[in-house]
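In: give me coordinates for this.
(chains A, B, C and D)
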Number of protein chains: 4
Amino acid sequence: MHIGLIGLGKMGFNMRERLRKGGIEVTGFDRNPEVTDVVSLDELIAAVPAPRLIWVMVPSGGITDAVITELGDKLDAGDLVIDGGNSRFTEDQKHGAALAEKGIHFADCGVSGGVWGLQNGYGLMAGGDAADIERALPVFDVLRPEGERADSFVHVGGIGAGHYAKMVHNGIEYGLMQAYAEGYELLAAKDIVDDLPGTFRAWQKGTVVRSWLLDLMVKALDEDPGLESIDDYVEDSGEGRWTVEEAIANAVPAPAITAALFARFSSREENSPAMKMVSALRHQFGGHATRPAK
Amino acid sequence: MHIGLIGLGKMGFNMRERLRKGGIEVTGFDRNPEVTDVVSLDELIAAVPAPRLIWVMVPSGGITDAVITELGDKLDAGDLVIDGGNSRFTEDQKHGAALAEKGIHFADCGVSGGVWGLQNGYGLMAGGDAADIERALPVFDVLRPEGERADSFVHVGGIGAGHYAKMVHNGIEYGLMQAYAEGYELLAAKDIVDDLPGTFRAWQKGTVVRSWLLDLMVKALDEDPGLESIDDYVEDSGEGRWTVEEAIANAVPAPAITAALFARFSSREENSPAMKMVSALRHQFGGHATRPAK
Amino acid sequence: MHIGLIGLGKMGFNMRERLRKGGIEVTGFDRNPEVTDVVSLDELIAAVPAPRLIWVMVPSGGITDAVITELGDKLDAGDLVIDGGNSRFTEDQKHGAALAEKGIHFADCGVSGGVWGLQNGYGLMAGGDAADIERALPVFDVLRPEGERADSFVHVGGIGAGHYAKMVHNGIEYGLMQAYAEGYELLAAKDIVDDLPGTFRAWQKGTVVRSWLLDLMVKALDEDPGLESIDDYVEDSGEGRWTVEEAIANAVPAPAITAALFARFSSREENSPAMKMVSALRHQFGGHATRPAK
Amino acid sequence: MHIGLIGLGKMGFNMRERLRKGGIEVTGFDRNPEVTDVVSLDELIAAVPAPRLIWVMVPSGGITDAVITELGDKLDAGDLVIDGGNSRFTEDQKHGAALAEKGIHFADCGVSGGVWGLQNGYGLMAGGDAADIERALPVFDVLRPEGERADSFVHVGGIGAGHYAKMVHNGIEYGLMQAYAEGYELLAAKDIVDDLPGTFRAWQKGTVVRSWLLDLMVKALDEDPGLESIDDYVEDSGEGRWTVEEAIANAVPAPAITAALFARFSSREENSPAMKMVSALRHQFGGHATRPAK
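Out: This is a model prediction of the structure:
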């Protein structure tokens, strides 16, 4: 099998390597001349035998949009485009419809595993028509970890369903990290705890909270036991927000995941206007001192 | 009527003035020689006619404890001690029991209104035996705003009930301030809003959110329209924590009040250990950049 | 002054009455023949002298959209449409642009005060061009409570700003209600409190938490001291969700308002899938008993 | 090595079996005659060679208190008592001090792993003096999973530190379960998801959210794909509450863990007084219909 792969960044670069090791021929295209196999999208399309399978692995939003639009112009009916990036599921439905007008097939695939996917394999959540998913199975089977397919791959539903599941996956990830992080801070706050990194390490086997994220925390604490070198500024990258928006749209209470999202927002505020107001109010009614602005 | 008042700080000082204006004779004692009427507790006890009514208005915790213990040693059976400070309700129950052994009566009274109470009158929540509350009614009637007694005074229940109600009152206050403050920040975040102070001002009459706290926000924005001079560091002073602890003890969900409390904790953190861990984790699994510690 | 008023429901009906009492001539149109003044929109347009001021007071979403589209077809250049309903601010921007193509002016106005506005007056937040707002001032001045205009009316900013402010106002309202309600439940949970309705009543004058919403709680407890007749099912009607969505879009932490929204979602769930899963998990790892489904 | 084990319930029964399989001689005592090895505490003490190691595995609170008091009366100086139950860390400090007066040693050990510990081994967090922990290492080494000791056992700190770490562990566990559960509900709410159990299954290998709890969710969904048989009523058992109380005591924001706790409280309410009040308020100001009480 020979596929095209557009986008050779942190994720795509590793995926190409894993695919090749697994026996899939890959022609990759990226704007970065140091990593690309071909110099243009046209060249990529020429290189991949029809009916083509083109995997798109570029940043979600405008760039994905542009790439898929261009593919719509250049591919042939019967080709299959799979968006493996972090697109919002509503985008997939738009992309699928636009490509379908030209007879081009479309599927979406949420890909989890981060930089470790190269060696561990990726967890995959696909959305699309059964026949299209079937056609891409050899690719999925190489990308995912060895072992039972059902433990690392799922055909979630129609177009968009893969990214919907990935969005929820990431929302859960926000909540999990926040829960561990709150526990970490609580252990750090208490004199009674003499061995904080050792405590996390000891949770790795046997406890109810053991997980891959826990293993990574142990690794992070190995590298920097007090996390002294790291600032508390935390970005968020789309899926957390979308998860809360979907919770709202579906009237699903999601307080833990939302708490995780808001904690990131707070982490990025130098000076919270809300808390300035609370301080001002306490001064107004109770004569409590405010602190002068930094 | 002639009463003793122990503690002439921000609250007690104003209360003495309001009581005197209302025709209550007050002998006040405070360690601060500039405000005290007498030089010792003994002198205060000698000055107040028996059976005495002694109002205690000192910081909650150890100081209240010490004052009430000393009163227990020095007062006579039949005297009545009222703790008008911000004691935890469980303290009242201890104090009442200790004084009862000596025939000294005890009641507690939550007092709300802050520095404005002098001119507006105070909202009062009393706990204790009906006869003791009855005996202190002339004092309550002067402290509270004019008008219907039931609009500003309540006998909530037995000893501790007054402070319990005050604790919940303050917990609600945390939640109210947080809700307004979140709205303030959201208005401040949006370019579309040209007149933010004017918006709060216009909410004062007619809207569903009109309140005394809103009036104070308008005042704060008058004094400093962008709250430029104020830091976002917000203290908390006991009742918010106790309210959440009571919520937990009674299995009552209290997410909004708790959010307000946690927002204050966050406002005081220079560098959140929890968020450092979240940043470290994102780096571990996704290769996302961390920021170097400030 | 003679204006048209479209929509004579709970809000519009009362507003017509207040406007007429204030000396504004109003021709009202509603599909309900029992309340309407005219039988059609055409008749309303014919009745109001040009350049017309037409106030739209219909449910937000599709109905507002349809009414404004029809007005766009039927009004003349120079007429002014004011949307006083609860439209999302993004809708205003669409409506304003569509009407502007035909030379028709548009402004939006958030209206707060509920069923009490008839007697108390309404709090008003307007968005639009200064000249259009100026033109409608006589209407605003009658709708709002007497007294200083700035205490009940604000020109927040350009088109959409009025509804943006109203959205935030309602978000705050969610948070305020939730905070009071949590306090209410906590008082209700504690044996020590003998007079719960009396406690709320006594907060009305003098305390920091006094507000109009508090007065309404007292009224509700007067009518039904234990709220026995009322179910805990609580609807939400758009602005709460939009507020949280805006918080997310602007990276503003809004935990208290969001807690209020999620509490409403929870209140409507007969059986929470999330909590079924938590119960199932506790059974899996700890052998804890689950309850059979109701 | 020959130890005494008091308490042969769900946890203690399995631990005796694992210890015996691992070559530790165990004399177990329980009030339940079907599982006990001896008929009385005296007989247990007589059976275990001095200096004794007695492991206590009974419900936290009063029962643990009673057992440790009785052991204080009956054991000899030099004996070592280990509380392996779910006691609050403050209890340990009391127990340690009381036993120390009689020369009896005390250590605490948080034990995680639930009903699976028998086969998987338990995660262990110990608190106490280094010499006492050292003395009990053979027991810890059999209870924990095979492999590196540091991956499943930690000497956290002084007396109480083990239970403190276990408390935080359980607080984290609350947060993790809540995050997964919210994600589950969100997937269940969306038509687009055709294979919900399959999605959880596919997260087991390769994804960032893989964990032991996830494996258990897959197991639960295998047994009952829609969780139809399970009610949404969820108990809480101490550590979650203590964790939030410690967060408050140490001014640590813990919104996700607290959200998990409150969600359990909500799950147990037939009719929320707070939400009745919100409904009553909406009726008061907006004329919104309330639902009649069920």
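
In: give me the secondary structure label for A:G72.
Out: Secondary structure, DSSP: H, G, I helix; E, B strand; the rest coil: A:G72 is helix.

In: can you count the residues close to it?
Out: A:G72 sits with 18 neighbouring residues when counted by other Cβ atoms under 10 Å in any protein chain shown. C-beta coordinates here come from the backbone N, C-alpha and C atoms, glycine included.

In: tell me the pLDDT at it?
Out: If you check A:G72, the pLDDT there is 98.

In: so it sits against A:A97, correct?
Out: No. With contacts defined as Cβ atoms under 8 Å, A:G72 does not count as touching A:A97, sitting 10.7 Å away.

In: next, the contact list for the residue nearest to A:A254 when sequence neighbours are not counted, please.
Out: Nearest residue to A:A254 in three dimensions, chain neighbours excluded: A:A247, at 3.8 Å (Cβ to Cβ, 6 or more residues apart in numbering or on different chains). The contact partners of A:A247, by Cβ atoms under 8 Å, 6 or more residues apart in numbering or on different chains, come to A:P253, A:A254, A:I257, A:T258, D:E182, D:L186.

In: same question for the strand or helix carrying A:A247, mean pLDDT?
Out: With secondary structure defined by DSSP states H and E, A:A247 is part of helix A:239-249. Mean pLDDT, taken over the full extent of helix A:239-249, equals 98.

In: next: stretch A:13-20.
Out: 98.

In: check which residues of that stretch are buried.
Out: A:F13, A:N14, A:M15, A:R16, A:R18, A:L19 (16 or more other Cβ atoms under 10 Å in any protein chain shown).

In: what's the lengthiest strand in chain A packed up against?
Out: Ranked by residue count and defined by DSSP state E, the top strand of chain A is strand A:105-112. Identification of packing neighbours for strand A:105-112 by 3 or more Cβ pairs under 8 Å, 6 or more residues apart in numbering or on different chains; DSSP states H and E yields strand A:80-83, helix A:89-100, strand A:123-127, helix A:130-135, helix A:161-188.

In: to chain B, which of these lies closest?
Out: Set against chain B and scored by Cβ to the nearest Cβ, those come closest in helix A:161-188, at 3.8 Å.

In: thinking again about what came up before, sitting in helices, which of the buried residues of stretch A:13-20 do you find?
Out: The helices, defined by DSSP state H, take in A:F13, A:N14, A:M15, A:R16, A:R18, A:L19 from the buried residues of stretch A:13-20.

In: in those, find the pair that's most separated.
Out: The distance between the two most remote of those (Cβ to Cβ) is 11.1 Å, for A:F13 and A:L19.

In: reformat the helices and strands packed on strand A:105-112 as CSV; add mean neighbour count, mean pLDDT and distance to D:D231.
Out: As requested, these are exported to CSV (neighbours: other Cβ atoms under 10 Å in any protein chain shown; pLDDT from 0 to 100; distance: least, Cβ to Cβ, whole Å):
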stretch, mean neighbour count, mean pLDDT, distance to D:D231
strand A:80-83, 26, 98, 40
helix A:89-100, 19, 98, 31
strand A:123-127, 30, 98, 30
helix A:130-135, 15, 98, 36
helix A:161-188, 29, 98, 23
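
In: okay if I get the ones you listed as JSON lines plus distance to chain D?
Out: As requested, those are arranged in JSON lines below (distance: least, Cβ to the nearest Cβ, whole Å):
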{"stretch": "strand A:80-83", "distance to chain D": "15"}
{"stretch": "helix A:89-100", "distance to chain D": "7"}
{"stretch": "strand A:123-127", "distance to chain D": "3"}
{"stretch": "helix A:130-135", "distance to chain D": "10"}
{"stretch": "helix A:161-188", "distance to chain D": "3"}
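
In: ok, A:G110 to A:F29 distance?
Out: Applying Cβ to Cβ, to the nearest Å, one obtains 22 Å for the distance of A:G110 from A:F29.

In: now swap in A:L5 and tell me
Out: Distance from A:L5 to A:F29, counting by Cβ to Cβ: 7 Å.

In: how about A:E269?
Out: Distance check for A:E269 against A:F29: by Cβ to Cβ, it reads 40 Å.

In: what sits against A:N271?
Out: For A:N271, the residues meeting the contact criterion (Cβ under 8 Å, 6+ apart) are A:A293, A:K294, B:D231, B:D232.

In: and which of those residues is nearest chain C?
Out: B:D232 (11.8 Å).

In: would you confirm that the closest one contacts A:S279?
Out: Yes. Contact criterion Cβ under 8 Å: B:D232 and A:S279 qualify, at 6.6 Å.

In: which stretches of the stretch 1-150 of chain A have low pLDDT?
Out: Screening the stretch 1-150 of chain A residue by residue with the criterion pLDDT under 70, one finds no matching range.

In: residues in it within reach of chain D, list them.
Out: Counting by Cβ under 8 Å from any Cβ of the partner chain, the residues of the stretch 1-150 of chain A lying close to chain D are A:89, A:112-114, A:117, A:120-125, A:127, A:144-145, A:147, A:150.

In: quick one: which of those residues is nearest chain C?
Out: Chain C lies nearest to A:F89 out of the residues of the stretch 1-150 of chain A next to chain D, by Cβ to the nearest Cβ, at 16.9 Å.

In: what about the closest one, distance to A:E134?
Out: A:F89 sits 21 Å away from A:E134, taking Cβ to Cβ as the criterion.

In: equivalent analysis for A:G157, please.
Out: Relative to A:E134, A:G157 is positioned 15 Å away (criterion: Cβ to Cβ).

In: A:D37 now?
Out: Computed with Cβ to Cβ, the distance linking A:D37 and A:E134 is 27 Å.

In: swap in A:A126?
Out: 10 Å.

In: check A:L186 too.
Out: Look at A:L186 and A:E134: by Cβ to Cβ, they are 49 Å apart.

In: kindly report the same for A:A259.
Out: Distance, A:A259 to A:E134, using Cβ to Cβ: 40 Å.

In: same check on A:D79?
Out: Look at A:D79 and A:E134: by Cβ to Cβ, they are 16 Å apart.

In: same check on A:V35?
Out: Between A:V35 and A:E134 the distance, using Cβ to Cβ, works out to 30 Å.

In: do A:G198 as well
Out: 49 Å.

In: please name the nearest non-neighbouring residue to A:F153.
Out: A:L124 (4.6 Å).

In: ok, now which ones touch that neighbour?
Out: By Cβ under 8 Å, 6+ apart, the residues touching A:L124 are A:109-112, A:140, A:143-144, A:152-154, A:162, D:202, D:206.
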